[in-house]
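1. Turn this into a model:
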Amino acid sequence: MTWASIRHRWAGFLGTFVALLLGVAVISGSLTLWAAAQPRVPDALAAADAVIASPAFQPGDGGFPVYRPWSPDEVTSLVTRISATPGVLSAVPVRTFYVQRLIDGQPVGDPSDAVHSGSAWSSAGLGGYTIRNGNPPSGPGQVVVPSSAGVPVGASLPVLTAAGPTSWTVTGVSDGPGFFVDEATASALAGGVRVIGVRFAPGASPRLDAGPLGTVLTGDARSAAEPEQDTRTRWIGAQLIIATVFVGGFVAVFVVSSTCAFAVTSRRRELGLLRAVGATPGQVRRLLLTEIVLVALLAGVPGALLGALAAPLLAGPFVAVGLEPAGFTVGVSWWALGVSVLTGLVVGAAGVWLSARRAGRVSPSPRCATRPSSGGR
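-> As a prediction, this is how the structure comes out:
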């Protein structure tokens, strides 16, 4: 009966369907953005089984924690200590620095991305990057470039670093982002070491102990090793996304519940006829609730997919205005899809419930009663 009612009165349910579709899409897109904005493991450390982070201290103003770089002696001591642990394949200090390519004497690319785009070739394995063509850098003035740079092996590459403009010779092309130089050049240009990446031997699961010099991070906890600048930028974007979730959710709840309530109110005559033919108040309420559940499912699933497909379109603008760090991407979040569909069901049912209770108490229409003919007694 419920399905027949929806099929034959589809025009009456069109407004509820559209309201649920758009409401669920707003919630789904907002939650998908929020899920993507959470701290993540940096791509440069994606292949590291564990990360040693330098000591952090909390500023007096209550801001973000600041990580103190290790001294050269501390780095040597930690690398030696971790490398000697059974089951450890390698322990590599991560030395990142600012470098930006020059074309016709002008820097190109995203300046915020360039802050950490340079590193030593020894840390390339922590991101799972390999050489596609050529050889790793073996001395000063040599560099491995990403394939996206379009620079062949043997070419000269003008760059800008913290030490000023210079020119490097391309010795190799890698499948990863950024520019890789030799260890000595990276040590001279980097502002200290705050992270040591650790790779385990196949099948090994060693217990690492960095002592008071650092914190061992594994699994998703490795996201704490992302650059401080990215953490600050991500926090700013998260505030806007959270506000969007609340505002979008409130508007969706208000519009959907109001539309559902109005749809029930406009059917009072029809419901009175059902009562006249013997429908009980409980049957009327169950009919209305079943209808909204079916409509919410029909609208919620495509609405959730619509929001999830639209959310990635905002990744570029968020990065462009400084609300998310470079490399921010938005993928599919299945829990966000599920929550948005469930929210549509709950909101739709809540919007109908109160009206359904009133509708269930509608008296049978007196017009349905049989009237005697004018000539009868």
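2. got the contact list for Phe17?
-> Contacts here follow C-beta atoms under 8 Å, 6 or more residues apart in numbering; on that basis Phe17 touches 295, 298-299. Where you see a C-beta, it was placed from the backbone N, CA and C, and this is true even at glycine.
3. Pro206: what's its closest spatial neighbour, skipping adjacent residues?
-> Gly87 (3.5 Å; C-beta to C-beta, 6 or more residues apart in numbering).
4. ok, how many other residues are close to the one you found?
-> Gly87 has 14 neighbours, counted by other C-beta atoms under 10 Å.
5. Now do the contacts for Asp43.
-> 127, 176-177, 327.
6. Rebuild these as TSV, extending it with distance to Leu102, neighbour count and secondary structure.
-> Conversion of those to TSV gives the following (distance: C-beta to C-beta, whole Å; neighbours: other C-beta atoms under 10 Å; DSSP: H, G, I helix; E, B strand; the rest coil):
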residue	distance to Leu102	neighbour count	secondary structure
Gly127	25	22	helix
Gly176	21	20	coil
Pro177	18	18	coil
Gly327	22	15	coil
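7. Between those residues, which sits nearest Gly203?
-> Ranked by distance to Gly203 (C-beta to C-beta), the contacts of Asp43 are led by Gly127 at 21.9 Å.
8. what's the spacing between that closest one and Tyr98?
-> 18 Å (C-beta to C-beta, to the nearest Å).
9. Ok, Leu297 next?
-> For Leu297, the distance to Tyr98 - C-beta to C-beta - is 52 Å.
10. Give me the more crowded residue out of the two.
-> Tyr98 (18 against 14).
11. my read: that one touches Ala163, true?
-> No - here Tyr98 does not reach Ala163: they are 9.7 Å apart, not a contact under C-beta atoms under 8 Å.
12. who touches both of those two?
-> With C-beta under 8 Å, 6+ apart, Tyr98 and Ala163 have common neighbours Leu189.
13. And the helices in the stretch 151-300 of the chain, which stretches?
-> 183-189, 228-265, 268-276, 281-310 (DSSP state H, counting those that start in this stretch).
14. and the last one, which residues are buried?
-> Judged by neighbour count (16 or more other C-beta atoms under 10 Å), helix 281-310 contains these buried residues: 281, 284-285, 287-293, 295-296, 299-301, 303-308, 310.
15. For the lengthiest strand in the chain, what does the pLDDT average out to?
-> Secondary structure of the chain per DSSP state E: the longest strand is strand 164-174. Strand 164-174 shows a mean pLDDT of 92.
16. who does that strand pair up with?
-> Sheet partners assigned to strand 164-174 using DSSP bridges are listed as strand 131-134 (antiparallel), strand 142-146 (parallel), strand 156-161 (antiparallel).
17. Can you list the buried residues in that strand?
-> Result for strand 164-174 [16+ other C-beta under 10 Å]: buried residues 168, 170-174.
18. Then stretch 105-125?
-> 112, 114-125.
19. Next step: those residues restricted to helices.
-> Among the buried residues of stretch 105-125, the ones falling in helices (DSSP state H) are 112, 114.
20. averaged over its residues, what pLDDT does stretch 37-52 have?
-> Rounded mean pLDDT across stretch 37-52 is 86.
21. start the count at 45, not 1, going forward
-> In the new numbering, first residue 45, that becomes stretch 81-96.
22. Just the C-alpha atoms of that stretch, please, in PDB.
-> Taking Å, rounded to 0.1, in the frame of the first residue of the first chain, the C-alpha atoms of stretch 81-96 are listed here in PDB:
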ATOM      1  CA  ALA A  81      41.100  17.600   6.600                       C
ATOM      2  CA  GLN A  82      42.300  15.400   9.400                       C
ATOM      3  CA  PRO A  83      46.100  15.100  10.000                       C
ATOM      4  CA  ARG A  84      47.600  12.500   7.700                       C
ATOM      5  CA  VAL A  85      50.900  10.800   7.400                       C
ATOM      6  CA  PRO A  86      53.100  12.900   5.100                       C
ATOM      7  CA  ASP A  87      53.700  11.300   1.600                       C
ATOM      8  CA  ALA A  88      57.500  11.600   2.200                       C
ATOM      9  CA  LEU A  89      57.100   9.200   5.200                       C
ATOM     10  CA  ALA A  90      54.400   6.900   3.800                       C
ATOM     11  CA  ALA A  91      56.800   3.900   3.400                       C
ATOM     12  CA  ALA A  92      58.400   4.400   6.900                       C
ATOM     13  CA  ASP A  93      57.300   1.700   9.400                       C
ATOM     14  CA  ALA A  94      58.000   4.000  12.300                       C
ATOM     15  CA  VAL A  95      59.000   7.600  12.900                       C
ATOM     16  CA  ILE A  96      61.100   9.200  15.600                       C
END
